[in-house]
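**Student:** I would like to see how this sequence folds:
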Amino acid sequence: MAAEPTVLVIVLAGGEGKRLQPLTNDRAKPAVPFAGTYRMIDFALSNFANAGYRKIVVLTQYKSHSLDRHISMTWRFSTLLGDYVTPVPAQMRRGPYWFQGSADAIYQNLNLINDEKPDIVCVFGADHIYRMDPRQMVDEHMAHNAGVTVAAIPVPKREATEFGVIESDADGKIVAFHEKSATPPTMPGNDEMCLASMGNYVFDRETLVDIVTPKDGEMNDLGGDVIPALTASGDARVYDFSRNVVPGQDERERGYWRDVGTLDAFYDANMDLIASVPVFNLYNDRWPVFTGRQALPPAKVSRGRGGEPAFVDGSLLCQGSIVSGGHVENSIIGPGSFVDHDAHVTDSILFPGVTIGPGARLHRCIVDKNVNVPEFIRIGFDAEQDAKQFTISDNGIVVIAKEQKIQ
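**Tutor:** Purely as a prediction, here's the structure:
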């Protein structure tokens, strides 16, 4: 029986997240709250924790304090077996400048790989919403003795310009890789779908170290430089994510993966969770999503101070939240948030610590942390008026920034 490979996980968490502003005005994208209770990075880290791959470094860069704090306070493994989750900031090992791209980030941290000496290095993104058993991808990678294996999933052609698009042969060998092409090739037999890279890679250690080390030209980006180079050398394979099997997952959820890089994608992925039969099930206790838990009391639904009845339907109420005579429908109410009497919150997402005043009306809003929404105000009903003080997404979602003063 062959020995299990030693695996080091590198989670890339250094992106700016410009398309998610104002939610990323003062936090890294992977630290943005999701589903009320979690941070985005919890989904990637939970996949590895459940799989038993628990030597994890998280490469950070922009506005990383919130992310570093979350990792250090939440993601603590037992040191008895040498397990760890460690945030690693940009250390400027090549000179006084930041990471020049994802591949350069790995090159600047080769000491982490050289110290650990793993057989396999998993390089995954930090800000996608999905469940995956990475052991199955590692097994397939080793079975074919590949230099790199790239996880992929079909996406509509209209969305594929935002991804690396893969062309592969019948055996799974990548024959061409197109990074964010304006005219991405479609899948054989399906003119509407393209095979997109998920930004998750499994590398043979020697291949990774060799390819990111500068030679004639620098390899700054994994998708733009490294994968095309390994494709050209015949060392790249594709892994079909839709075949990944996760304990406790039903067929509806298999293949679920969301890139929440825009405000609308972020909103839609949150709304996926509150459907009557959600396509992504937070309640799978056989493959849980882990996060930090504050010492907050249970959620409370009660009449308001004047006896006004509360109404809650199709919503997630996080710990410490209170609906006191308010109306909450198709919404996510974050930890410690308060909805006062006769306030209506519909189709909205409240981050932690939000207060909705009496009689306020919010519809299709994202409200960042610690915002106080004044009584009787209406937000989400008049786009022209809302645009005077709030960010409006392409699909009309109103985003209220962290601690914003509302007029």
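
**Student:** Going along the chain, name the helices of this protein.
**Tutor:** For the chain, the helices defined by DSSP state H cover 41-51, 65-74, 102-107, 110-116, 134-143, 205-212, 227-232, 263-272, 383-386.

**Student:** Near residue 283, how many other residues are there?
**Tutor:** 8 (other Cβ atoms under 10 Å). In this view, the C-beta of every residue, glycine as well, is placed from N, C-alpha and C.

**Student:** I should have written residue 104 there, sorry.
**Tutor:** Going by other Cβ under 10 Å, the residues that sit close to residue 104 add up to 22.

**Student:** Ramachandran coordinates for the residue lying closest to it once chain neighbours are set aside?
**Tutor:** Nearest residue to residue 104, sequence neighbours excluded (Cβ to Cβ, 6 or more residues apart in numbering): residue 220, at 4.8 Å. Dihedral angles of residue 220 (phi, psi; degrees, to the nearest 10) stand at phi -90, psi -30.

**Student:** Burial check on residue 220, number of neighbours?
**Tutor:** 18.

**Student:** you'd agree it is up against residue 106?
**Tutor:** No: counting by Cβ atoms under 8 Å, residue 220 stays clear of residue 106, with 10.4 Å between them.

**Student:** circling back to that earlier point, of all the helices of the chain, which lies closest to residue 297?
**Tutor:** helix 65-74 (19.9 Å; Cβ to Cβ).

**Student:** what angle do that closest one and helix 41-51 make?
**Tutor:** 30 degrees (axes from the mean of the first three to the mean of the last three Cα atoms, to 10 degrees).

**Student:** tell me the contacts of the residue nearest the centre of the chain?
**Tutor:** The residue lying closest to the centre of the chain (Cα atoms, centre = their mean) is residue 127, at 2.3 Å. Residues counted as contacts of residue 127 (Cβ atoms under 8 Å, 6 or more residues apart in numbering) are 13, 15, 17, 29, 30, 32, 40, 41, 44, 259, 260, 261.

**Student:** Next: residue 314.
**Tutor:** 274, 276, 329, 330.

**Student:** Tell me the one of the residues you listed nearest residue 160?
**Tutor:** Out of the contacts of residue 314, the member with the shortest distance to residue 160 (by Cβ to Cβ) is residue 274, at 27.9 Å.

**Student:** Just give me the neighbour total for the closest one.
**Tutor:** Neighbours around residue 274, by other Cβ under 10 Å: 19.

**Student:** State the distance from the closest residue to it other than its chain neighbours to residue 81.
**Tutor:** Spatial nearest neighbour of residue 274, chain neighbours left out: residue 314 (5.4 Å); criterion: Cβ to Cβ, 6+ apart. According to Cβ to Cβ, to the nearest Å, residue 314 and residue 81 sit 43 Å apart.

**Student:** ok, back up a step: among the contacts of residue 314, who's most crowded?
**Tutor:** Neighbour max across the contacts of residue 314 (other Cβ under 10 Å) = residue 274, 19 neighbours.

**Student:** Hmm, that residue is touching residue 329, no?
**Tutor:** No: using Cβ under 8 Å, residue 274 makes no contact with residue 329, being 9.7 Å away.

**Student:** shared neighbours of those two, which are they?
**Tutor:** Joint contacts of residue 274 and residue 329 (Cβ under 8 Å, 6+ apart) are 314, 315.

**Student:** re earlier: take the contacts of residue 127 and lay them out in JSON lines including pLDDT and neighbour count.
**Tutor:** Formatted as JSON lines, these follow (pLDDT from 0 to 100; neighbours: other Cβ atoms under 10 Å):
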{"residue": "13", "pLDDT": "91", "neighbour count": "30"}
{"residue": "15", "pLDDT": "73", "neighbour count": "20"}
{"residue": "17", "pLDDT": "78", "neighbour count": "22"}
{"residue": "29", "pLDDT": "94", "neighbour count": "27"}
{"residue": "30", "pLDDT": "94", "neighbour count": "31"}
{"residue": "32", "pLDDT": "96", "neighbour count": "22"}
{"residue": "40", "pLDDT": "96", "neighbour count": "26"}
{"residue": "41", "pLDDT": "97", "neighbour count": "30"}
{"residue": "44", "pLDDT": "97", "neighbour count": "26"}
{"residue": "259", "pLDDT": "91", "neighbour count": "21"}
{"residue": "260", "pLDDT": "94", "neighbour count": "23"}
{"residue": "261", "pLDDT": "89", "neighbour count": "17"}
